[in-house]
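Q: coords please:
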Amino acid sequence: MTVGNMDTSGLAATGSAARSPENGVILLLQLACSRATYETPELLLDSPEVVYQGAGHEGDALEVTGGVEEWRVVAADAAWTLRSPAEPDLGPLDGVAATVVVGGYEFEQSSTPVIGEAASYRSLVIASGTSVEYEAAAREPSSEYPSAFGAGFVRYGDALGTMEVEYWLLTARELVFAADDGDVAIGPSEPTILVVGGNEYLTTVLAAWESDILDESVGQPKCGIIGDRFAYEMVRIPAETVPVLPSGLQGTGDIEESPCG
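A: Have a look, this model is predicted:
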């Protein structure tokens, strides 16, 4: 076929091929590659690892030992170790009357977790009678599991770019926190001091992204493989303490599987 002085037969053939199922998948993958714009995946940090270490003690004050590489927290009902790439300082919690709640832990035919087993959790909260002392979230966003600071306290913010991981296109995002002075947007690995409820919190977004399947023909579910991730950590800064912001926080750049929300 000719239009004016241009032969369009080749274009017609190309258009026909592009509409075939096989070439449609190829085009979709090519588009995804062209949209892979997030060039700093090492800024996406793993969620804290929480490991059950056994029974607690009869007192209501926490026993906290260790350092930023690994903390041991003994509460009234359980003992835990916590390792986080955000390097939180939990030392000031030693001796504080507080409770430790690991939300979303699923017991498997037992009344207690297995000693030495990492907890699969949606949230970890340490709270005293007057304030939230520590909160870590490691989950898909869900209104069923709001922050200890209330529903709507954290939400997705602006997109930072995209990454192609296997059959997934991940859109890395900021998280937006409802602080006392208004909304504050924080990107992954950018420790920031927020004032919430009159208290200062060292706040670190660990990882935040939304996911889409690149190739629907593979049939992989969105939940349970690489789903949406909504992970952050907050540590209350004691009054009259000069906070120190961690620097150079960096992950491996590997994207791990995330649990269902």
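
Q: go ahead and confirm Asp46 touches Pro188.
A: No - applying CB atoms under 8 Å as the test, Asp46 and Pro188 come out as separate, 11.2 Å apart. Placement of C-beta: from N, CA and C, glycine included.

Q: can you list the low-confidence ranges for the stretch 51-200 of the chain?
A: Scanning the stretch 51-200 of the chain with the threshold set as pLDDT under 70 gives 104-111, 142-144.

Q: mind listing the strands for it?
A: Assigned by DSSP state E, counting those that start in this stretch, the stretch 51-200 of the chain shows strands spanning 63-67, 70-74, 79-83, 98-103, 123-128, 132-139, 154-165, 168-179, 182-186, 192-196, 199-213.

Q: buried ones in the fourth one?
A: Put plainly, it is strand 98-103. Ala98, Val100, Val102 (16 or more other CB atoms under 10 Å).

Q: ok, the closest residue in space to the second one that isn't next to it in sequence - how many residues close by?
A: With CB to CB, 6 or more residues apart in numbering as the measure, Ala75 is the residue that lies nearest to Val100, at 4.2 Å, once sequence neighbours are left out. Ala75 sits with 21 neighbouring residues when counted by other CB atoms under 10 Å.

Q: need the contact list for Ala75.
A: Gly56, Leu62, Ala98, Thr99, Val100 (CB atoms under 8 Å, 6 or more residues apart in numbering).

Q: cool, Leu124 as well?
A: Contacts of Leu124 (CB under 8 Å, 6+ apart): Pro48, Val50, Leu82, Val100, Val101, Val102, Gly103, Tyr134, Glu135, Ala136, Ala138.

Q: please repeat the previous calculation with a cut-off of 7 Å.
A: Pro48, Val50, Val102, Ala136 (CB atoms under 7 Å, 6 or more residues apart in numbering).

Q: bridge partners for it, pull those for me.
A: Val102, Ala136 (DSSP bridges).

Q: and what of Val165?
A: Trp168.

Q: how much space between it and Thr65?
A: 38 Å (CB to CB, to the nearest Å).

Q: show me which of those two is the more surrounded one.
A: Val165 (15 against 12).

Q: my guess is that one contacts Ile255, does it?
A: Yes - in this structure Val165 lies within contact range of Ile255 using CB atoms under 7 Å: 4.8 Å.

Q: quick one: common contacting residues for these two?
A: Joint contacts of Val165 and Ile255 (CB under 7 Å, 6+ apart) are Ile226.

Q: returning to that earlier point: Asp46 and Pro188 - which one has more neighbours?
A: Neighbour count, other CB under 10 Å: between Asp46 and Pro188, Pro188 has more, with 27 against 17.

Q: can I assume that one is in contact with Trp209?
A: No - using CB under 7 Å, Pro188 makes no contact with Trp209, being 8.9 Å away.

Q: spatially central residue for the protein, please.
A: Closest to where the C-alpha atoms of the chain average out (CA atoms, centre = their mean) is Ala231, at 2.0 Å.

Q: once you drop chain neighbours, what's closest to that one?
A: Ala231 sits nearest to Leu206 (CB to CB, 6+ apart), 4.0 Å away.

Q: ok, that neighbour to Gly161 distance?
A: 17 Å.

Q: pick the most buried one from the strands of the stretch 51-200 of the chain.
A: Comparing the strands of the stretch 51-200 of the chain by mean neighbour count (mean count of other CB atoms under 10 Å), strand 132-139 comes out on top with a mean of 24.
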